[in-house]
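K.L.:
what's the 3D shape of this:
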Amino acid sequence: MPNKELANRIDDLKALRDEVALKAHLAEMDVRDRWDALRPRIDEVELQAARAGDAAVTGLISTIDSLRSSLRELKSRLDARAH
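P.N.:
The predicted model follows:
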């Protein structure tokens, strides 16, 4: 990956992905549906980041930030249901 900031964001995205994947596995159907919609987008952005040149970094960072926001929202919903 050509950019340290991009690498850090991808690492954060992967950690959130793994945490949400575990919780979504045990969750209700609506949460699993949301997870199923996010998962392919995460896989695609990871692939794009691995192939990205410097010119693509800004766009990828924006996409990653959007995905992280969606994952955090889903994680919050999962956490709220656990309590």
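K.L.:
the helices in the protein, which residues?
P.N.:
4-25, 29-51, 57-82 (DSSP state H).
K.L.:
dump those to CSV, plus mean neighbour count and mean pLDDT.
P.N.:
C-beta coordinates here come from the backbone N, C-alpha and C atoms, glycine included. Below are the helices of the chain laid out as CSV (neighbours: other C-beta atoms under 10 Å; pLDDT from 0 to 100):
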stretch, mean neighbour count, mean pLDDT
helix 4-25, 15, 89
helix 29-51, 14, 88
helix 57-82, 15, 89
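K.L.:
tell me the contacts of the nearest residue to residue 41 once chain neighbours are set aside?
P.N.:
In this structure, residue 41 finds its nearest non-sequential neighbour in residue 67, 6.0 Å apart by C-beta to C-beta, 6 or more residues apart in numbering. Counting by C-beta atoms under 8 Å, 6 or more residues apart in numbering, residue 67 makes contact with 13, 38, 41, 42, 45.
K.L.:
check contacts around the last one.
P.N.:
By C-beta under 8 Å, 6+ apart, the contact list for residue 45 reads 10, 13, 60, 63, 64, 67.
K.L.:
swap in 10 Å and give it another go.
P.N.:
9, 10, 13, 52, 60, 61, 63, 64, 66, 67 (C-beta atoms under 10 Å, 6 or more residues apart in numbering).
K.L.:
which of those sit farthest apart?
P.N.:
52 and 66 (16.1 Å; C-beta to C-beta).
K.L.:
out of the contacts of residue 67, who's nearest residue 24?
P.N.:
Distances from residue 24 to these, taken by C-beta to C-beta, are shortest for residue 38, at 9.1 Å.
K.L.:
surely the closest one and residue 17 touch.
P.N.:
Yes - using C-beta atoms under 10 Å, residue 38 is in contact with residue 17, at 8.2 Å.
K.L.:
quickly list what's touching both of these two.
P.N.:
Joint contacts of residue 38 and residue 17 (C-beta under 10 Å, 6+ apart) are 67, 71.
K.L.:
hmm, residue 52 is touching residue 60, no?
P.N.:
Yes - judged on C-beta under 10 Å, residue 52 makes contact with residue 60 at a distance of 5.6 Å.
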